[in-house]
Structures are given as structure tokens and as C-alpha cells.
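Asker: have a look at this prediction, sequence included:
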Amino acid sequence: MSARAVPWVLVVALAAVPLLGVGNYPLHLFIMVLLWSFVYTSWSLMGRFGLVSFGHGAFMGIGAYVVTMLWNHFGVTPWIGIPVGVALAVLVAVLIGYPCFRFRITGHYFALVTLALSEVVRLVVGHGMTLTLVATGLGLLAALGLGRLMQALVFGVTPRDPATLGGAAAVLAAVALAACLVPALRATRVDPVAAIHRE
């Protein structure tokens, strides 16, 4: 067997593991090993360029969160959600990485930027989930309570119409997410030195 064929044989063997019926726990361990292997590889690549990044958790979180939200709320299969999550993580990486490389932010400062990115993602997701759950719950209650009124005003809408309930919940969830994102974007435009002097 040639050296070039070995990686492809390993890929096929790894892809066949879930089909072998090894059980949930061994499969979980196998997935975690692969996941942390990807993390290690990404850290290794950053180290080769002399950069220390603490933002890997943010990018992993963005990808996982997007895939999960698309599956839970919109029924989008992970085969489509994974590329979408990767694309969004790449977009965030470009938005963070371009200014860093444009202004030659390296060393400890680059590490601090990526650390701040991880914290911002954690805060946005945490607070955003709270607002999203509250907004979704209120939207469902309002949709159920006003269902008969909607039925009288809109032709073809029943008090428990799934499309109506889903649409109302989706609109309120989008508003809640925007309410989280807009203040966060405004906060990024504040000069920290000026804010300290104002205090």
C-alpha cells in the first residue's frame, strides 16, 4: 500500500466505526477523541504562525449552537446545518482576524482579543438564550390566547394552527436575538479609555 493511500484508508475506517454497533459510550469516546484532535490541530497550526489564540471555544460554540438551533427550531438536517455553522464561524473569524492582521495585533494582544471573543460569545449566547426562551414562551401563550380572535380576523387560521404558532415564536425569537446583538455591537464602538475617563 502506497503512503498516499494510507490517509484515505484511515478516513474510510473511521467513517465505518458508527456502523459497527460498538455502543453509545464507546462511540461517544470516539467522537470526543476526534473533536479534541481537531482542537489540538487548530492550536498547533496557530502555534506554527507564532500566535496564541483562546478563541477556539468561541468558534466551536458558534458552529455547535447554529447547528443545534437550526435542527431544534427549523427542522434543518445537520447535513445542511454543519456547513451553515462552519460558514458563520468563518465569518466571525474573518471579522475578528482581519482587523488584527490589518493593525498588526500579535503576541499578548492577539491572545487577549481572542479571549475577549470567547467571553463575548458566551455572554451573547447565555443572555440571548434567556431572552429567546422568555420571548418564545410569551409568544406561544399570546398565540394560544388570541387564537380565536385571529381565526375571526384571518381566513383559514385555527386557534392552534402550527404555522401561526411557529411563525409567532420565530418572529419573537428573532426580535429577542436582535435585542441581544444590537447592544453588543454598540458596545464594541465604545472607546474603553474614554469610558474610563467619564467614570
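Answerer: Happy to help now that I have it.
Asker: just the element for residue 170, please.
Answerer: Using DSSP states H and E, the element containing residue 170 is helix 162-188.
Asker: which neighbouring elements make contact with that helix?
Answerer: When contacts are defined as 3 or more CB pairs under 8 Å, 6 or more residues apart in numbering; DSSP states H and E, helix 162-188 sits against helix 108-145. (C-beta placed from N, C-alpha, C; glycine too.)
Asker: quick one, the helix it packs on and helix 162-188 angle?
Answerer: If you take axes from the mean of the first three to the mean of the last three CA atoms, to 10 degrees, helix 108-145 sits at 150 degrees to helix 162-188.
Asker: determine how far helix 108-145 lies from the middle of the whole chain.
Answerer: 10 Å (CA atoms, centre = their mean, to the nearest Å).
Asker: kindly report the same for stretch 45-60.
Answerer: Distance, stretch centre to chain centre, for stretch 45-60: 17 Å (CA atoms, centre = their mean).
Asker: who's in contact with it?
Answerer: 39, 42-43, 89, 92-93, 96, 106-108, 110-111, 113-115, 117-118, 120-122 (CB atoms under 8 Å, 6 or more residues apart in numbering).
Asker: and the helix or strand where residue 79 lies, what's buried?
Answerer: Taking DSSP H and E as the definition, one finds residue 79 inside helix 78-102. The neighbour-count criterion (16 or more other CB atoms under 10 Å) identifies 81, 85, 88-89, 92-93, 96-97 as the buried residues of helix 78-102.
Asker: now swap in stretch 39-56 and tell me
Answerer: For stretch 39-56, a neighbour-count test (16+ other CB under 10 Å) marks 46, 51, 53-56 as buried.
Asker: adding distance to residue 185 and secondary structure, write those residues out as CSV.
Answerer: CSV is the format used below for the buried residues of stretch 39-56 (distance: CB to CB, whole Å; DSSP: H, G, I helix; E, B strand; the rest coil):
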residue, distance to residue 185, secondary structure
46, 26, helix
51, 25, coil
53, 22, coil
54, 22, coil
55, 18, coil
56, 23, helix
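Asker: most widely separated two among the residues you listed?
Answerer: 51 and 56 (11.7 Å; CB to CB).
Asker: between the buried residues of stretch 39-56, which is nearest residue 24?
Answerer: Closest to residue 24 out of the buried residues of stretch 39-56 is residue 56 (26.6 Å), distances taken as CB to CB.
Asker: now this protein, which segments are flagged as low pLDDT?
Answerer: 1, 128, 132, 135-136, 139-140, 142-162, 164-165, 168, 190-199 (pLDDT under 70).
Asker: what residue is smack in the middle of it?
Answerer: Taking CA atoms, centre = their mean, the centroid of the chain lies closest to residue 62, which sits 2.2 Å from it.
Asker: which residues touch that residue?
Answerer: Residue 62 neighbours (CB under 8 Å, 6+ apart): 85, 88-89, 92, 121.
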